[in-house]
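Asker: Attaching a predicted model along with its sequence, questions to come.
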Amino acid sequence: MTEVRSWPSGISAITVFAEDLDAAKRFYGEVFGLPVAYEDDASAVFNFGNTVINLLKTEAAHDLIAPAAVASRDAGARLQFTILVEDVDAMCAELVERGVELLNGPMDRPWGIRTASFRDPGGHIWEIAR
């Protein structure tokens with residue numbers, strides 16, 4: 001029997017597709033307060049600790065995932081990113097000051113955490129939690 005190696009302990013990169021790369025890049029820079037770590041005509045990369053978020057123009061995504069289809073922003077949410085914060089209520093106030101429209105929260109969840117969520121320009125859902 002072949003020995004199976006264990007999976008790595010973290011995710012190095014997440015690529016999200018953006019119809020409007022400039023709007024997405026501005027949003028990530030302003031909302032998360034992060035500088036662009038790398039960019040070219042089709043993408044912009046932001047470092048989130050040990051994970052990078054790669055914003056990729058939707059047109060370029062087709063070549064990356066073919067033969068799978070790239071869904072439109074209006075197709076509905078298929079994932080949610082969660083960031084742990086010290087104070088969900090304070091972070092919500094800061095997000096609203098930055099022009100972010102909250103989808104929900106802050107609220108206490110039955111499983112014992114406090115959360116709120118919002119959407120980036122590409123329709124990707126972000127949650128803050130404590």
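Answerer: Perfect, thanks for sending it.
Asker: Give me the pLDDT for the closest residue to Gly99 other than its chain neighbours.
Answerer: Spatially, and ignoring its direct neighbours in sequence, Gly99 is nearest to Glu30 (7.6 Å; C-beta to C-beta, 6 or more residues apart in numbering). Glycine gets a C-beta too; all of them are placed from N, C-alpha and C. The predicted structure scores Glu30 at 95 on the pLDDT scale.
Asker: what's in contact with the lengthiest helix in the chain?
Answerer: Across the chain, the helix with the greatest residue count (assigned by DSSP state H) is helix 21-32. Counting by C-beta atoms under 8 Å, 6 or more residues apart in numbering, helix 21-32 makes contact with 16, 18, 34-36, 39, 42-44, 46, 48, 53, 55-57, 95, 98-100, 120-122, all of which sit outside it.
Asker: Mind checking which of the residues you listed are in strands?
Answerer: 16, 18, 39, 43-44, 46, 48, 53, 55-57 (DSSP state E).
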